[in-house]
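*Asks:* Fold the following, please.
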Amino acid sequence: MSDEAIAVRWFDRGELELSGVVGMGTGLGIVLWAVVAVILLIALGLEWKYRTRAANPLEIIPTTWQLEIYEPHYYKLTGEIGLSNPSAGIEVMVTDLQARVLLLSGGSTQALSSLITVTPNHPDAEARPDGYWFAYIVKSQKQTQAQLTLDITGPDLTALKAAWVKVDYVVYGPHGREERTHHDVIPLAFPSSEMSRNWRPVAQGDVLPIHTHLLTPLDNPTEIVKRYVMPHAQAGDIVTIGETPVAIMQSRWFDPAQLKPGWVARRVCQFFLPTSSLASACGMQALVEVVGPTRVLLAFLGGSVAKLFGHAGGFYQLAGDQARLIDDVTGTLPPYDQFIVLGPANPQAVVEQIKAETGLEAAIVDVNDLQRVKVLAKTSGASEEFLQSALRANPAGNADEQTPVVLLRPTASEAQL
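*Replies:* Purely as a prediction, here's the structure:
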């Protein structure tokens, strides 16, 4: 065999061996990539499961309170708070539950004393006689309760306005240990209709600020109108309620201590004026909780671009009505000055219900001392022009007047429009 033939033979053999090695390498690479892909899919699946799983899924069933004894020297209130686990397949534990109370008064509270006790009312376990809250498992789609008893004594309780009850509880479950607080504000002073007699003249009519008790989630707008407005109302009148009181009655408020500002809230809030309710990380996070971080971020980017072209207010237009309606802490009267209050939900349905049950035209409004009036919702018979002119002077006030409702009485000519 010639040298050329031997060389060709060795060349062919080397090519075959090399192609085999390359083939083995390609196959091994595919296997490795497949393993990496499977690991990534598992990791993404775990992350998705974590993010979509309720964070220690325990919900508070709104407390019902009864004022059992209401004497000048002694008040006794009882309430029942519920703890519900609506999730399927997850158990959570309530390892502690305690309550404390703060009395809100028009005078000094130094001579007053209050005692609040918690008695577990579990469906399958008796309460301990010493009042100790033992760690209790709230099983999947089950619930439990606790009885609250509040005793208030003193030489004169008539100046008390409300009791602010804070229920502190610890939830232990898949997301670790969480300390939470539930808030109840219980009114204790109920003004008579005689306090609301000061009609004031305005252009094309008169207005009457209506005194009420301290409104809470225990109330609803229609019942407030029936109780405090109807004694003064007549056909053709319009009842207006501030947007913040309506939101409070709907339980649309956040405890800043329970909010955890995320990446979007902490960064976007820095670009707002200090006087804005969105200038704090918690205030912005409240908006994120309502509309989501993606919309807030896109609204910020879109608003920024619009501002470069001379268009102001783009963020609020893109983020939605709630961006304008949020009141950060200090934004309303005590004790809600400690909370972030949202705008009301479905205000049109609220005014329609008021009209259906009372016959009065109604509106929900946002009014301030800068003579700005925003009508969030109104019934068909309420004139937008009259609402604007009658409320421009802000007859309800922005301080501690406790007149969240204003009755408007148009003149005969205005009422006929």
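*Asks:* Look up which residues are beta-bridged to residue 142.
*Replies:* Beta-bridge pairing of residue 142, defined through DSSP bridges, involves residue 85.
*Asks:* so who does residue 335 touch?
*Replies:* By C-beta atoms under 8 Å, 6 or more residues apart in numbering, the contact set of residue 335 is 102, 104, 162, 164, 185. Where you see a C-beta, it was placed from the backbone N, CA and C, and this is true even at glycine.
*Asks:* sorry, that was for residue 348
*Replies:* Contact analysis of residue 348 by C-beta under 8 Å, 6+ apart lists residue 377.
*Asks:* okay, it: pLDDT?
*Replies:* What the model reports as pLDDT for residue 348 is 97.
*Asks:* can you check residue 240 too?
*Replies:* Model confidence at residue 240, given as pLDDT, is 97.
*Asks:* mind listing what it touches?
*Replies:* Contacts of residue 240 (C-beta under 8 Å, 6+ apart): 362, 363, 364, 365, 387, 391, 405, 406, 407, 408.
*Asks:* what do you get for residue 322?
*Replies:* Residue 322 touches 287, 290, 291, 342, 343, counting by C-beta under 8 Å, 6+ apart.
*Asks:* Inside helices: which ones of those?
*Replies:* When DSSP state H is applied, the contacts of residue 322 are split such that 287, 290, 291 fall in helices.
*Asks:* Save those residues as TSV, and put in pLDDT too.
*Replies:* Shown next, in TSV, are the ones in helices among the contacts of residue 322 (pLDDT from 0 to 100):
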residue	pLDDT
287	96
290	94
291	94
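*Asks:* who wins for neighbours among the residues you listed?
*Replies:* residue 287 (27 neighbours; other C-beta atoms under 10 Å).
*Asks:* Isn't that one up against residue 321?
*Replies:* No: with contact defined as C-beta atoms under 8 Å, residue 287 does not count as touching residue 321 (10.9 Å).
*Asks:* Tell me which two of the contacts of residue 322 sit farthest apart.
*Replies:* The span of the contacts of residue 322, defined through C-beta to C-beta, is set by 291 and 343 at 11.7 Å.
*Asks:* okay, and for the stretch 251-400 of the chain, where does confidence drop off?
*Replies:* Residue ranges of the stretch 251-400 of the chain with pLDDT under 70: 398-400.
*Asks:* Helices of that one, start to end?
*Replies:* Using DSSP state H, counting those that start in this stretch, the helices of the stretch 251-400 of the chain run over residues 263-268, 281-291, 293-308, 314-319, 322-325, 347-358, 384-391.
*Asks:* Just list what the fourth one packs against, helices and strands only.
*Replies:* Other helices and strands packing on helix 314-319, by 3 or more C-beta pairs under 8 Å, 6 or more residues apart in numbering; DSSP states H and E, are helix 293-308, helix 322-325.
*Asks:* Among those, show me which one is buried the most.
*Replies:* Ranked by mean neighbour count under mean count of other C-beta atoms under 10 Å, these are led by helix 322-325, which reaches a mean of 20.
*Asks:* can you dump the C-alpha coordinates of that one into PDB?
*Replies:* Provided in PDB are the C-alpha atoms of helix 322-325 (Å, rounded to 0.1, in the frame of the first residue of the first chain):
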ATOM      1  CA  GLN A 322     -58.100  56.200  43.900                       C
ATOM      2  CA  ALA A 323     -54.700  58.000  43.300                       C
ATOM      3  CA  ARG A 324     -56.500  61.400  43.900                       C
ATOM      4  CA  LEU A 325     -58.700  60.200  46.700                       C
END
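*Asks:* Let me know the closest of the ones in helices among the contacts of residue 322 to residue 77.
*Replies:* Ranked by distance to residue 77 (C-beta to C-beta), the ones in helices among the contacts of residue 322 are led by residue 290 at 32.3 Å.
*Asks:* Surely that closest one and residue 343 touch.
*Replies:* No: in this structure residue 290 lies outside contact range of residue 343 using C-beta under 8 Å: 9.1 Å.
*Asks:* All the strands of the stretch 151-300 of the chain, in order from the start?
*Replies:* 160-173, 176-187, 200-202, 205-210, 238-242, 253-254 (DSSP state E, counting those that start in this stretch).
*Asks:* winner for burial among these?
*Replies:* Of all those, strand 238-242 carries the top mean neighbour count, a mean of 27, counting by mean count of other C-beta under 10 Å.
*Asks:* partners of that strand, with directions?
*Replies:* Its sheet considered, strand 238-242 pairs with strand 361-367 (parallel), strand 405-410 (antiparallel) by DSSP bridges.
*Asks:* With distance to residue 270 and mean neighbour count as added columns, please give those in a markdown table.
*Replies:* Listed next are those as a markdown table, based on distance: least, C-beta to C-beta, whole Å; neighbours: other C-beta atoms under 10 Å:
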| stretch | distance to residue 270 | mean neighbour count |
| --- | --- | --- |
| strand 361-367 | 26 | 23 |
| strand 405-410 | 37 | 24 |
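*Asks:* Redo those as a markdown table? Include distance to residue 396.
*Replies:* Output for the strands paired with strand 238-242, formatted as a markdown table (distance: least, C-beta to C-beta, whole Å):
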| stretch | distance to residue 396 |
| --- | --- |
| strand 361-367 | 7 |
| strand 405-410 | 5 |
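*Asks:* Show me the one of those that comes nearest residue 131.
*Replies:* strand 405-410 (41.3 Å).
*Asks:* then that closest one to PDB, C-alphas only?
*Replies:* Extracted C-alpha coordinates of strand 405-410, given in PDB (Å, rounded to 0.1, in the frame of the first residue of the first chain):
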ATOM      1  CA  VAL A 405     -73.100  65.200  56.200                       C
ATOM      2  CA  VAL A 406     -74.500  68.500  54.800                       C
ATOM      3  CA  LEU A 407     -78.100  69.000  53.800                       C
ATOM      4  CA  LEU A 408     -78.700  71.400  50.900                       C
ATOM      5  CA  ARG A 409     -81.900  73.200  50.300                       C
ATOM      6  CA  PRO A 410     -82.200  74.900  46.900                       C
END
